[in-house]
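Colleague: sequence? don't have it. structure:
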């Protein structure tokens, strides 16, 4: 491969739907995506057979992240980080409801979809309409959250756009903390935990330990290989640390961790393990 071709492969790909918006470069996608996930089967013998408990999924509904150089990153929720944990959760017998802050369609990073993965494909087929026509978060809050055993906030850079600054997300997290329910997230999804601190002197998640996508990659390699079109508007890890939330990883290895009822994973590599962890926690606390 010539130097010119290599440089072009590392250039972010223009998104024609928005001025100065970009998808990841071909080279970065060759490093970060694959046709199949590491799904290796389900981890439980007997699932949930009741008809009450569900998992509330808060999806991203803003695609474009404004970067510091004036460009936009065309993002959303990562399909593996969203659909593979949900495959485990749905297979275990738990219902799944999808919401967005606006009530508009969820946005996905379709360039990361694993087209040869049957687990992800079956879950997308089962949930597609819910993601295309989600409920509005505020309306679900008004109707009551009592039947939700967990809230799931998928990753993808899109989770950083609106969720950390939204008071409906704050109210949702307040409920799950107060009622001792599960909070599940991965990669850039833990950005939503920052919403819990809106208007408060301290964040209720201060002192918790999480796995999250490392700042070092977003500030370094992800720009160098063209995954991002410029410097991020703010650093996820730095913001979490400033809120008193401890980060247990400094790389992307597939790590998951649980601190009390908060379950997190570091990246798409953690999606399969986090799905299994989530099912174990759901069956333990909400299996009857």
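Modeller: Ah, there it is. This structure is a prediction, so every number in the text was calculated from the model and none was measured.
Colleague: Not counting residues beside it along the chain, what's closest to residue 154?
Modeller: If you skip the residues right next to it in sequence, residue 154 has residue 82 as its closest partner in space, 3.8 Å away by Cβ to Cβ, 6 or more residues apart in numbering. C-beta here means a position set from N, CA and C on the backbone, and glycine is covered the same way.
Colleague: ok, now residue 23?
Modeller: Take residue 23 and drop its neighbours on the chain: the residue closest to it by Cβ to Cβ, 6+ apart is residue 13, 4.4 Å away.
Colleague: One more: residue 226?
Modeller: Take residue 226 and drop its neighbours on the chain: the residue closest to it by Cβ to Cβ, 6+ apart is residue 25, 2.9 Å away.
Colleague: now the one you found: how far from residue 224?
Modeller: Residue 25 sits 10 Å away from residue 224, taking Cβ to Cβ, to the nearest Å as the criterion.
Colleague: Mutual contacts of these two, please.
Modeller: Common neighbours of residue 25 and residue 224 are listed as residue 10 (criterion: Cβ atoms under 8 Å, 6 or more residues apart in numbering).
Colleague: need the helices for the stretch 1-150 of the chain, in chain order.
Modeller: Along the stretch 1-150 of the chain, counting by DSSP state H, counting those that start in this stretch, helices occupy 3-9, 26-32, 79-91, 118-132, 137-143.
Colleague: Output these in TSV; the columns should cover mean pLDDT, distance to residue 210 and mean neighbour count.
Modeller: Formatted as TSV, the helices of the stretch 1-150 of the chain follow (pLDDT from 0 to 100; distance: least, Cβ to Cβ, whole Å; neighbours: other Cβ atoms under 10 Å):
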stretch	mean pLDDT	distance to residue 210	mean neighbour count
helix 3-9	58	34	11
helix 26-32	95	21	17
helix 79-91	98	15	27
helix 118-132	98	24	16
helix 137-143	98	22	15
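Colleague: which stretch among those comes nearest residue 101?
Modeller: Between residue 101 and those, the tightest spacing by Cβ to Cβ is seen for helix 137-143, at 5.4 Å.
Colleague: Centre of the chain to that closest one, how far?
Modeller: Between the mean C-alpha point of helix 137-143 and the mean C-alpha point of its chain there is a distance of 21 Å (Cα atoms, centre = their mean, to the nearest Å).
Colleague: and if you look at stretch 143-160?
Modeller: Stretch 143-160 has its C-alpha centroid displaced from the chain centroid by 9 Å (Cα atoms, centre = their mean).
Colleague: Repeat that for stretch 109-122.
Modeller: Computed by Cα atoms, centre = their mean, the separation of stretch 109-122 from the middle of its chain amounts to 15 Å.
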